[in-house]
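Enquirer: Can you look at this prediction? I've put the sequence above it.
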Amino acid sequence: MSELALVILIIAVALTFDFINGFHDAANSIATVVATRVLTPLQAVVWAAFFNFISAFSFGTGVAKTVGAGMVDLSVVTPYVILAGLIGAIVWDLVTWWLGLPTSSSHALFGGYAGAAMARVTLLRGLGHATDALVWSGWVKTLIFMVLAPMIGLALAYIYMVAIYWLFRGYSPRKMDIYFRRFQLLSAAAYSYSHGTNDAQKTMGIITGVLFSAGYLSTFQVPVWVILAAHAAIALGTLAGGWRIVHTMGTRITRLRPRGGFAAETAAATSILLSTALHVGVSTTHVITGAIAGVGSIQRVKAVRWSVATRIVWAWIFTIPASAAVAWLAYWLLYTGGLDLR
């Protein structure tokens, strides 16, 4: 296979991952607004997809640069490393989608990219040098926000719910929900917007990485066509939906009403946009899950189904190592098959 054909193939696979990301994470974008019956599932996915796409025109490409060049040493990256990394991320995404677990497509991508790069370094230099492939400063920041971002979402959702109850203390719950059914259209839009601008940038970083490693770019700068293609793919994936995960996110963690859905979406959007401004790729799945738990805990701790939340957390913990392991195996198969021997 010629190098140009390989690059085109990898870009196609990256956009497929972006589509699956939108498909997998569609549940995060629409679960609350569907669970509160503000929109039908079809209306919700169209609403979310629109705001996923228009977020292409804001917030720059800082997250893309962190993902593409700030977590893995570009000197060990080849097109085949990126291909194996994408395979690891896609396989894990599809497995967790089938199981109905709202795991992080972002962390699957991080794990897959790192696992493939570590596999290449191991084959060239030995197992003791595997971690030479990693840029630790990027990983430290990412791992901190892996914990911090959902905690911010949880805390903000709790604070917003307290503020809502205080500001609307003279209203009956029924009248409150009449208002918040309208407000939730805005909060759902804000969440989908934040999801698009953070998550699509991760695929932009991977595509720019393959163009740079193959010599088609002299500097690591994201082309405009890559920005538009990544946002289009994630928007189309969102349109496809992910109904298994909608059930887990929208009904099994805690019972949501419009005021709670508004608080959860607004809190999650705030946390994600803050992370994006700091050029950190975060898990939108983690953040919205934390925000939903924050809404549930305002009533009482038992209002949150912690057994379901615990199962989700375990899936989060396994995402990076599991996707890294699949990517490592994929790269090993490519390498032993006579590919990427340079």
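Expert: Received, thanks.

Enquirer: Quick check: mean pLDDT of stretch 323-337?
Expert: Mean pLDDT, stretch 323-337: 94.

Enquirer: List the contacts of it.
Expert: With contact meaning Cβ atoms under 8 Å, 6 or more residues apart in numbering, stretch 323-337 is reached by 80-81, 83-85, 87-89, 91-92, 107-116, 118-120, 123, 340-341. C-beta: built from backbone N, CA, C; applies to glycine.

Enquirer: Just those: which are in strands?
Expert: Among the contacts of stretch 323-337, DSSP state E puts none in strands.

Enquirer: out of these, which are buried?
Expert: For those, a neighbour count by 16 or more other Cβ atoms under 10 Å gives the buried set as 80-81, 83-85, 87-89, 91-92, 107-116, 118-120, 123, 340.

Enquirer: list the helices and strands the longest helix along the chain packs on?
Expert: The longest helix of the chain (DSSP state H) is helix 173-213. For helix 173-213, the packing partners by 3 or more Cβ pairs under 8 Å, 6 or more residues apart in numbering; DSSP states H and E come out as helix 3-35, helix 41-54, helix 62-69, helix 79-99, helix 105-125, helix 224-240, helix 258-277, helix 284-297.

Enquirer: Relative to residue 195, which of the ones you listed is closest?
Expert: helix 284-297 (4.7 Å; Cβ to Cβ).

Enquirer: Mind checking the pLDDT average for that closest one?
Expert: 81.

Enquirer: Stretch 198-209 too?
Expert: Averaged across stretch 198-209, pLDDT comes to 91.

Enquirer: Then stretch 56-64?
Expert: 84.

Enquirer: May I have that stretch as PDB, with CA atoms only?
Expert: Output in PDB follows, covering the C-alpha atoms of stretch 56-64 (Å, rounded to 0.1, in the frame of the first residue of the first chain):
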ATOM      1  CA  ALA A  56     -16.500  23.900  14.900                       C
ATOM      2  CA  PHE A  57     -16.400  27.700  14.600                       C
ATOM      3  CA  SER A  58     -15.100  28.500  18.100                       C
ATOM      4  CA  PHE A  59     -12.500  27.700  20.800                       C
ATOM      5  CA  GLY A  60      -9.600  27.100  18.400                       C
ATOM      6  CA  THR A  61      -7.600  23.800  18.200                       C
ATOM      7  CA  GLY A  62      -5.800  23.800  21.600                       C
ATOM      8  CA  VAL A  63      -7.200  20.400  22.600                       C
ATOM      9  CA  ALA A  64      -6.300  19.000  19.200                       C
END
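
Enquirer: Now that stretch: buried residues?
Expert: 56, 59, 61, 62, 63, 64.

Enquirer: What helix or strand is the second one located in?
Expert: Mapping residue 59 onto the secondary structure by DSSP states H and E places it in no helix or strand at all.

Enquirer: could you measure residue 216 against residue 11, distance?
Expert: As defined by Cβ to Cβ, to the nearest Å, residue 216 lies at a distance of 10 Å from residue 11.

Enquirer: the more surrounded of these two?
Expert: Set side by side, residue 216 and residue 11 show more neighbours around residue 11, with 19 against 13, by other Cβ atoms under 10 Å.

Enquirer: contacting residues around the more buried one?
Expert: So residue 11 contacts 207, 210 (Cβ under 8 Å, 6+ apart).

Enquirer: Then residue 15?
Expert: Per Cβ under 8 Å, 6+ apart, neighbours of residue 15: 203, 207, 229, 230, 233.

Enquirer: who touches the residue nearest to residue 211 when sequence neighbours are not counted in this structure?
Expert: Distances taken as Cβ to Cβ, 6 or more residues apart in numbering place residue 217 nearest to residue 211, at 4.7 Å, with adjacent residues excluded. Contact analysis of residue 217 by Cβ under 8 Å, 6+ apart lists 208, 211, 223.

Enquirer: which residues touch stretch 51-66?
Expert: 22, 29, 138, 141-142, 189-190, 192-198, 200-202, 204-205, 208, 220, 222, 227-228, 230-232, 234-235, 238, 273, 276-281.

Enquirer: re earlier: which of the helices and strands packed on helix 173-213 is buried the deepest?
Expert: Among the helices and strands packed on helix 173-213, helix 284-297 has the highest mean neighbour count (mean count of other Cβ atoms under 10 Å), at a mean of 28.

Enquirer: Now do that helix against helix 258-277, angle only.
Expert: If you take axes from the mean of the first three to the mean of the last three Cα atoms, to 10 degrees, helix 284-297 sits at 140 degrees to helix 258-277.

Enquirer: Spatially central, which residue of the chain would that be?
Expert: Nearest residue to the geometric centre of the chain (Cα atoms, centre = their mean): residue 106, 3.9 Å.

Enquirer: you'd agree that one is up against residue 200?
Expert: No: under the criterion of Cβ atoms under 8 Å, residue 106 makes no contact with residue 200, lying 10.8 Å away.
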